[in-house]
Structures are given as C-alpha cells and as structure tokens.
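Undergrad: Provided below for reference: sequence and predicted model.
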Amino acid sequence: MASDGIYDSESGVYRGPLRPALPEISDPYVDIFSFLCKNTRDPRYRNKLALVDGLTGEGLSFHDLKEKVRAVAAGLTKRFGIVQGDVVLILSPNTIWFPVVAYAVASLGAITTTANHAYTEREILKQVQDSKARLIVTIPSLLDRVRAFGLPVILFGDAEAVAQVVAKEEKSAAVRVSRFSDLLTFDPAEAPRVAVRQDSTAVLLYSSGTTGLSKGVVLTHRNCMYTAMQFQYGPDLELRQRVKLMLLPMFHVYGLVIVTFCQLQRGSTVVSLPKYELELALRTIEKYRVTDFPAVPPIVLALAKQKVVGNYDLSSLVELTSGAAPLGKDLMQEVARLFPSLRIRQGYGLTETSGLVSVAMVKKDNSHFGSCGSLAPDMEAKVVDVATGKSLPPNEVGELWVRGPNIMQGYLEKPEETAATLDKEGWLHTGDVVYFDNEGSLYIVDRIKELIKCKGFQVAPAELEGLLLTHPEIMDAAVVPLPDDEAGEVPTAYVVRAAGSNLSSSEVIAFIHKQVVFYKRLRQVTFIPAIPKSASGKILRRELKAQRTAKL
C-alpha cells in the first residue's frame, strides 16, 4: 500500500509528496529573463556574485548580469537584426557569457539552440539546417567548423586572440565574424522591450528522444520557469543560496536548464569551468568554497576511486547530485563512506521534461540510495504495462509516463514523432522501464528505447548504423551498447562485410571516428555473417546482446 496521496488506485496516477501545488504564473507575457529579474529583485542580490569563471576569476554580480544581458540584447538587434522567433545557435564550451547570450536571446523573444562543441562539421550543419539558425555564437578554435555555413558568427574568448581572428576574416571576406566583446559596449537602455508570451519557444535542445535520430525539443519559457520553481520547492529551502560548480556542459539540458537557469533564478552563485578535469574541479571547489556539486556518474566514480581527491580541501561541499544516467547504490554508498557529511542524491529527467521528473530527498539513513527520488511538485506519473496499457500499482514494473508543466511542446516540425511520444492527454511516454515503491520513490529498471547512454549523452544506434552503411565494404550493420564501468555504456557494432572484403575492425572504428563526436565513437567491432532481424526488418538487438553475453 502506497503512502497517502502518493498513488491513486482509481486513476493509476502517482504524485510526489510535496504539497500544495506550485503557484500559477498568471501573466501570459513573462519570459525567463524577466522571471530571473523578478526573483532576484531583492536589493541584497545587487552585488552578490551570479556567475564566476573558475579559471580566470572573472565574475558578474546579479546587477552586472542583468545589465550585460540587456546590452547584448541591444547588440543582437541593432547589429544582427535578431528579432522575435529567430534562432541563435551557441556552440561553445562553458563560459560565464553563455547564459548571458541565452538570456539576451530569450528577452527578445528569439530562440536559443545549443550544440555540443565537440560535434563535427556535418553534425553541426544538420542542426543549423533543422533549426533554421540565423546566427552562430562560438569560439575561435571552432570557426573552421562553421565557416562554410554562410551565417554571421560571433566569437567568445580572449580579446586579443579574437581580434586577430576577426582581422584575418575581414581580409578574406569569407564570413562575417564579430567580437562578442563589442556587444557588451551597447547601451542596456537601448535593448528593445518585447512582449514575450510564456508559452512561446525559449530553447530548442536536440535529443534523440525515445527512439531514432536527433530531434529538436521545443521548450517554452513556461517550461523553464516552472522547472526552476519545482527545484526551489520543498524541505531543502536552506539550499537556495549556495555556490554551484558548473562543469556539466551548458549545451545539455542538465547544464543549461537544471543548473544554470534554475540556480541563477534561485539566487545561487554558479562557478563555471570550460571542461571536466578532476583536479581542476577539485581545485575550483577548494578555491571558491563550492557547496553544491551537480555531477554525472563518471565524475562520481572518480571521486570514489581516485586517490588524488584526498589532496584537496572539500569541506565546503554540502551536496552532490547526480543525473543524466543511473547511479548505482553501491557507488553512492562508497562516496558516502568517503564523505560522511555530504548529502548524496540523484535525480531523473529527460530533455523532453526540461531535465526534471524526480529528485531524491536526502534521508539520514541513506535509504534513498539507488532511487531517483520522488516526483517533483506538479508532476504526475503512471507506470503502464506495455502489453495491456493497464496502469500498475507500486512495486510493479512497466513503462513510465509523465505529465506536468515542464513537458515539452513537441519535436520541431515532426508531428508523427511527437504523437508517438506525447499523447493527447499530455502524457509523455518516456520509454523507460520503472517502478515506484510504497513511499513513491522511483527506480529505473531498464530502457525500452534503444538509445545508448555514454557518459550521460545519448547515442542513437540508427545514426551510427546509417554511417556504417555508407562504407562500400559494409553490407549490413547493427549497433548495441557495451557495458562500461566509466562511461556506463559505449557503442559497439556488429558488421556484415561485403563478399571478398578484408575490412578490419580498426578500419571500421577509424571510419566512424572522424565523422562523429567522441561519445558516439565505436569501441568494438565484431564481424558476423548476418544481422538478426524480425520479419518486419527490425534489428533484433537483444539477440546480439545475448550472443555477446554467451561468449563471456
């Protein structure tokens, strides 16, 4: 029997333990930047640090952040003609200027789309074309990957280095390149005042969804604002004003919405690092007295296994929260043993849910270990039997469906894919196999969807299979996950060679290596006579996994 209010046996709906409902944002014209300004209007925030560069120490107070956002918004309009509905692509490692651009774009009623800065030119171009981006914001070292697109480019980075690149590009006239620092010189008072509806698109983040290739996930201002409220609601209110380490990529929903947007709207300080290196992260925690460490399982594993951790003063840490992929109970217990005063928990979410479905509430006896926690406020869920469509009670396993104010509007210009994932009643079919216990804690069992989760990133087998089939000596191919202690899963391929071919596994790996981002690269290739398929032509991945297991 579930705890009171957690499960309604008549409707089959689960709800979280936190009541009452979130306050309604009644004004239809509210954007995420205005929401930030409202939440931090208290005079005590004026000089409080909002963003800090963990490498250089450069920082922005909340007052500076607001002024810089307005200046950049003025520059985007006056210099580049960005208006409501336009799409701006940010292709960059973490920087304190990343959220400045995202907020500036949002304040204009325009749309931010983000891409992994490790993407190849082919992958970036696909997103540029799909999103219909009008402007790219990036760094000098990535200019070669976007130069051929014919779009204006703004460069973050060291002023002198950027100036040299801009001067060189001006001579060639190949692409219009500008310095980001120039946008900061615009008068904030000249930023246009745009009436932005809360139900209009704020960000367009790309995800492989429940199946298939990458699709643009449409998230509105309302989605992002309610996600922020969901995170600042409940018994942990004393954590509102803390120092958060931001080494998760800001192009990812976890980094952009859950950490950056949500924490700034709470009034927290966000310390940004451009990349993950364990000792760099540890030095930053020590230097800036970081209190909260949002992480992913490979980072948590490093904290538990790397002896160098003991060389740093991490006594400021209050909470470690892991997301993006399941974190094992044993690993959580090991970290708790090493850091007995640290609150350790994990959460669960999807790009399609603005990054949030559930998060664990810390318990003194650590009984929450292994769980993804309780549903966030105003979230509803069902556990559905895949075969019968019947809603299931606690402790029974089925597919998770979720509904709430942070659910996406759909996939960009893909009505069929949207309908397959988001039904007419607003339930998002996650493709994850789960159960709730009697207290309403969520446990992830497996995934119906065929995506591979490598280091918290999604890898669509269909994309790699399509690339493999472009090789003249490959007749057929299938990609399945291979368990990996550090990455969680890595892509591995089964390949059918053309008759007479002597193609080697190393050649296949190299063929894919140069075409995709690091986490999509194949780690292993096995040659087989034929790919097992169903009568309808669907690859039987479970048979390939069984073959591999049988050989172990």
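TA: Yep, that arrived. Numbers count the residues shown, from 1 in each chain.
Undergrad: For residue 531, the count of nearby residues, please.
TA: 18 (other CB atoms under 10 Å). From N, CA and C alone the C-beta is placed, and that goes for glycine too.
Undergrad: nope, residue 164 is what I meant
TA: Residue 164: 12 neighbours (other CB under 10 Å).
Undergrad: quick one: it is in a helix?
TA: Yes - under DSSP: H, G, I helix; E, B strand; the rest coil, residue 164 sits within a helix.
Undergrad: list the contacts for it?
TA: By CB atoms under 8 Å, 6 or more residues apart in numbering, residue 164 lies in contact with nothing.
Undergrad: tell me the pLDDT at it?
TA: Per-residue pLDDT puts residue 164 at 87.
Undergrad: Look up how far residue 58 lies from it.
TA: Distance, residue 164 to residue 58, using CB to CB, to the nearest Å: 21 Å.
Undergrad: likewise residue 46?
TA: Shown here: residue 46 relative to residue 58, a distance of 18 Å by CB to CB.
Undergrad: Ok, residue 37 next?
TA: According to CB to CB, residue 37 and residue 58 sit 22 Å apart.
Undergrad: Of these two, give the one with the bigger neighbour count.
TA: Neighbour count, other CB under 10 Å: between residue 37 and residue 58, residue 37 has more, with 19 against 13.
Undergrad: Please enumerate residues in contact with the helix or strand encompassing the more buried one?
TA: Following DSSP states H and E, one finds residue 37 within helix 32-39. Contact partners of helix 32-39, identified using CB under 8 Å, 6+ apart, comprise 25, 66, 69, 103-104, 106-107, 196, 202, 221, 224-225, 228, 261, 264-267.
Undergrad: mean confidence for that helix?
TA: 88.
Undergrad: the inter-axis angle of the next helix or strand after that helix versus helix 32-39?
TA: Proceeding C-terminally, helix 32-39 gives way to strand 49-53 as the next helix or strand, assigned by DSSP H and E. Interaxial angle of strand 49-53 relative to helix 32-39 (axes from the mean of the first three to the mean of the last three CA atoms, to 10 degrees): 130 degrees.
Undergrad: What lies in contact with strand 49-53?
TA: 40, 58-62, 64-65, 95-96, 99-100, 264, 269-272, 288.
Undergrad: Can you turn the buried part of the residues you listed into a PyMOL selection?
TA: To isolate the buried members of the contacts of strand 49-53 in PyMOL, using 16 or more other CB atoms under 10 Å:
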select buried, resi 40+59+60+61+62+64+65+95+96+99+100+264+269+270+271+272+288
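Undergrad: All the strands of the stretch 251-400 of the chain, in order from the start?
TA: Using DSSP state E, counting those that start in this stretch, the strands of the stretch 251-400 of the chain run over residues 269-272, 292-295, 319-322, 343-348, 358-359, 374-375, 380-384, 398-403.
Undergrad: Tell me which of the ones you listed sits nearest to residue 540.
TA: strand 398-403 (20.1 Å; CB to CB).
Undergrad: Strand partners (parallel or antiparallel) of that closest one?
TA: Under the criterion DSSP bridges, strand 398-403 sits next to strand 380-384 (antiparallel), strand 428-436 (antiparallel) in its sheet.
Undergrad: Comparing the ones you listed, which yields the minimum mean pLDDT?
TA: strand 428-436 (a mean of 92).
Undergrad: any idea of the angle that one forms with strand 343-348?
TA: Using the same axes, to 10 degrees: strand 428-436 against strand 343-348 is 140 degrees.
Undergrad: Flag the shaky bits of the protein, pLDDT-wise.
TA: Low-confidence segments of the chain (pLDDT under 70): 1-4, 19-20, 174, 208-212, 233-241, 446-449, 534-538, 549-552.
Undergrad: Break it into its domains for me.
TA: The chain breaks down into these domains under automatic domain parsing: 31-196, 452-551.
Undergrad: Those into TSV, with extra columns for distance to residue 305?
TA: Below are the domains of the chain laid out as TSV (distance: least, CB to CB, whole Å):
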stretch	distance to residue 305
domain 31-196	23
domain 452-551	9
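Undergrad: Highest mean neighbour count out of the ones you listed?
TA: Mean neighbour count (mean count of other CB atoms under 10 Å) peaks for domain 31-196 among the domains of the chain, with a mean of 19.
Undergrad: Find the nearest non-adjacent residue to residue 249, please.
TA: Once flanking residues are discounted, residue 249 sits nearest to residue 255: 5.0 Å by CB to CB, 6 or more residues apart in numbering.
Undergrad: tell me the contacts of the one you found?
TA: Contacts of residue 255 (CB under 8 Å, 6+ apart): 94, 246, 248-249.
Undergrad: For those residues, work out which two are farthest apart.
TA: 246 and 249, at 9.3 Å, using CB to CB across those.
Undergrad: Between the two, tell me which one has more neighbours.
TA: Between residue 246 and residue 249, counted using other CB under 10 Å, residue 246 has the larger neighbour count: 26 against 22.
Undergrad: wait, the more buried one sits on residue 270?
TA: Yes - Residue 246 is within contact range of residue 270, at 4.9 Å (criterion: CB atoms under 8 Å).
Undergrad: counting contacts, what elements does the helix or strand containing residue 65 pack onto?
TA: Per DSSP H and E: residue 65 is located in helix 62-80. If you count contacts as 3 or more CB pairs under 8 Å, 6 or more residues apart in numbering; DSSP states H and E, helix 62-80 packs onto helix 32-39, strand 49-53, helix 97-107, helix 180-183.
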